[in-house]
Each structure stands twice: as C-alpha cells, then as structure tokens.
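Kindly return the folded structure for what I paste below:
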Amino acid sequence: MLQRGMQTALRMLYPPRCLGCGGMVQDEHGLCATCFAETPFITGLVCDLCGVSLPGTSDIAVQCDDCLSLGRPWTQGRAPVRYDGVARRLVLGLKHGDRHDIVPMAADWMVAACPPALPPSAIVVPVPLHLFRLLSRRYNQSALLAQAVARRLGLEFCPDVLIRHRRTQSLDGKSRDARFAELSDAISVRVRKADHIRDRPILLVDDVMTSGATLAACAVACQSAQSREIFVTVLARVAKAD
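Here you go, the predicted structure:
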C-alpha cells in the first residue's frame, strides 16, 4: 500500500509525458494520440532485406531495387518506422539528446517488426562506435536498443563483439558509394570474441539505416569470424514517403 501511494504521489508530481511532444499522457514511455498518428510506421509489403515499404502485395519474400543491386550480406532485415517526422525526432533525441527514456518504446517497436526468420539461438550485437565518439557521447545508442531488444526476445546480448578500430568521418551527406568506401575495413570482430560467435546466428542492431554501409561492414566482419545467418533490425529506415 505504501509503495502504491508513493507511486501515485510521484505521478501527480511528475505526470507522464509524451515522448514526442512532451504533452501529458496516460502511460509512461509512450506517445500522445497526435504524435502516434503522425509517426510513419512501416506497414504492408516490405523489402525482406532492409524493411523499406514496397507497393502492392506478395505471397513470397521480395527485395527492393537497392538490395537487388547491392547484394546485402545478411539474411533478413526489418525496421518499424521510416526516418521522418516524429520518428526522426525520436531517433535524434536518443542519439544526441540523452533521451534514454525513448529506448523502451523503441525496443517494443523493433521487436514487433523483428525479422520473422530470426532463430532463438541468435546473439544480439550492436553496431559499435569508435572509442573517441563513445567517450564524447558517453553511450552507444545502438547498444541501448540492442540490450532492450535482447531482453524482450530472451536472447543473448553481446555488446563488445564488434570494434570500430578506425575513426570514420560522418556519413551525413555522402553518396551511397562514398559511405561504403568510408566503412571499408573499419569494423572487425574482437579476437577474443571470434570463437563465441562462430557458427552462431547474429542479430545486428542499429538506430538508423540509410545506405546500409555500416551494417554491411558489421555483417562482413561477422562472416569473417564464421558466424551463421545474419539478421538486421534498426529503429528507423531512411526512405522516401509512399
């Protein structure tokens, strides 16, 4: 009774706020009706490799033109939202604004949109930050998402499998080819973790997918350590509106 009373008092002093606009809401770690309606969720037919929305319907797995031309080094990929509007604000808040309160809701979305073929023996691995960027930001937003996703799925979480041993330049504004060139040989599997992921399926987790260059570098590194199937889940996919 005492604990319930304290919770009620705290809710009166600090009522739940919408993660998108800051307005008052009924439940914590959620969106108001307006922000939820304006969130660009990805629904319907999607590319089996990157999760981007596709027109029409299909009874078989399909791939978008980008994935067909690139040949992604993973088995399946998904994203719950398009990187636009409310979703973009949430991602930027998590990435640059210390908005760790966004993680629970984001992880719920990612789990709901998880690659359907993901095996229960998969290891959840976040995309790594370079040490200098990690020290500057103080946290890896992809690792926060990956930990929450792993907990919800009951999977093993391994935050230190991959290392970004070369400090790459910002990919903002770069072309697709420039992004892939910048990430070439920048990410590898830690030597002491190679045996752990050998012959194990991997779920790579990141906050945003644009060209897929970073995820491709991570997937290739895992393949070099002889991991099994590789799956990808990101919070948001950069894509044109339908």
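
Need the distance between the two termini of stretch 152-168.
Using C-alpha to C-alpha, to the nearest Å, one end of stretch 152-168 lies 32 Å from the other.

ok, and what's touching it?
107-108, 111, 114, 118, 120, 122-133, 140, 143, 146-147, 149-151, 182-183, 185-190, 193, 196-197, 203, 218, 221-222 (C-beta atoms under 8 Å, 6 or more residues apart in numbering). Glycine gets a C-beta too; all of them are placed from N, C-alpha and C.

cool, stretch 65-72 as well?
47, 49, 50, 52, 211, 212, 216, 219.

wait, doesn't residue 232 sit right on residue 113?
No: Residue 232 lies out of contact with residue 113 (C-beta atoms under 8 Å); the separation is 11.4 Å.

what is in contact with these two at once?
With C-beta under 8 Å, 6+ apart, residue 232 and residue 113 have common neighbours residue 78.

Show me which of these two is the more surrounded one.
residue 232 (28 against 20; other C-beta atoms under 10 Å).

How about the more buried one, nearest residue that isn't a chain neighbour?
Spatially, and ignoring its direct neighbours in sequence, residue 232 is nearest to residue 77 (3.6 Å; C-beta to C-beta, 6 or more residues apart in numbering).

Could you report the neighbour count for residue 28?
Residues near residue 28, counting by other C-beta under 10 Å: 14.

how far away is it from residue 121?
33 Å (C-beta to C-beta, to the nearest Å).

Could you chop this protein up by domain?
Per the record, the chain has its domains at 1-38, 40-237, by automatic domain parsing.

Go through those domains and pick out the most buried.
Most buried of the domains of the chain by mean neighbour count (mean count of other C-beta atoms under 10 Å) is domain 40-237; its value is a mean of 18.
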